[in-house]
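>>> kindly return the folded structure for what I paste below:
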Amino acid sequence: MNRFLAMLLAAASLVTLYFALWPTPPSLLQSDKSQHELAFAVLTLLASLAFPAARQVTLLLALGAFGALIELLQLFPALHRQSDVMDWVADMAAIAVTLLLVTIVRAAIRQRAKA
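Got it, this is the predicted structure:
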């Protein structure tokens, strides 16, 4: 485990949660789904780097649960947010694609090291 990257992952997770629960979060990208994809791609990359020995399925489940938690929390009327299962689908897609890319890059690095 890389302690600095784990702390960076924790900070990025808190920032993501904060903006997900804030009534009027800033818009960095045109689409709400694109913002979800970017946030979870970054979280997945940080998790993969912070915990290189973790199984991909573990990261998928943990980050997917975080995305689901956000959507469940957005169901509370006091937050003035709207939960959308398609946001969670966008989170899961970003997680899966990022994990696939991490797997490909790690395999290429191992292959190059063998040569």
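
>>> centre-most residue in this structure?
The structure's the chain has its C-alpha centroid closest to Phe40; by CA atoms, centre = their mean the separation is 2.4 Å.

>>> in stretch 56-72, what counts as buried?
The neighbour-count check on stretch 56-72 (16 or more other CB atoms under 10 Å) flags Leu59, Leu60, Leu63, Gly64, Phe66, Gly67, Ile70, Glu71 as buried. (Each C-beta comes from the backbone N, C-alpha and C, glycine too.)

>>> dump the residues you listed to JSON lines, plus distance to Ala50, secondary structure and pLDDT.
Supplementary listing: the buried residues of stretch 56-72 in JSON lines, determined by distance: CB to CB, whole Å; DSSP: H, G, I helix; E, B strand; the rest coil; pLDDT from 0 to 100:
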{"residue": "Leu59", "distance to Ala50": "10", "secondary structure": "helix", "pLDDT": "98"}
{"residue": "Leu60", "distance to Ala50": "15", "secondary structure": "helix", "pLDDT": "98"}
{"residue": "Leu63", "distance to Ala50": "12", "secondary structure": "helix", "pLDDT": "98"}
{"residue": "Gly64", "distance to Ala50": "17", "secondary structure": "helix", "pLDDT": "98"}
{"residue": "Phe66", "distance to Ala50": "14", "secondary structure": "helix", "pLDDT": "98"}
{"residue": "Gly67", "distance to Ala50": "18", "secondary structure": "helix", "pLDDT": "98"}
{"residue": "Ile70", "distance to Ala50": "20", "secondary structure": "helix", "pLDDT": "97"}
{"residue": "Glu71", "distance to Ala50": "24", "secondary structure": "helix", "pLDDT": "97"}
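
>>> turn these into TSV, columns for distance to Asp87.
Formatted as TSV, the buried residues of stretch 56-72 follow (distance: CB to CB, whole Å):
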residue	distance to Asp87
Leu59	19
Leu60	17
Leu63	14
Gly64	12
Phe66	12
Gly67	8
Ile70	8
Glu71	6
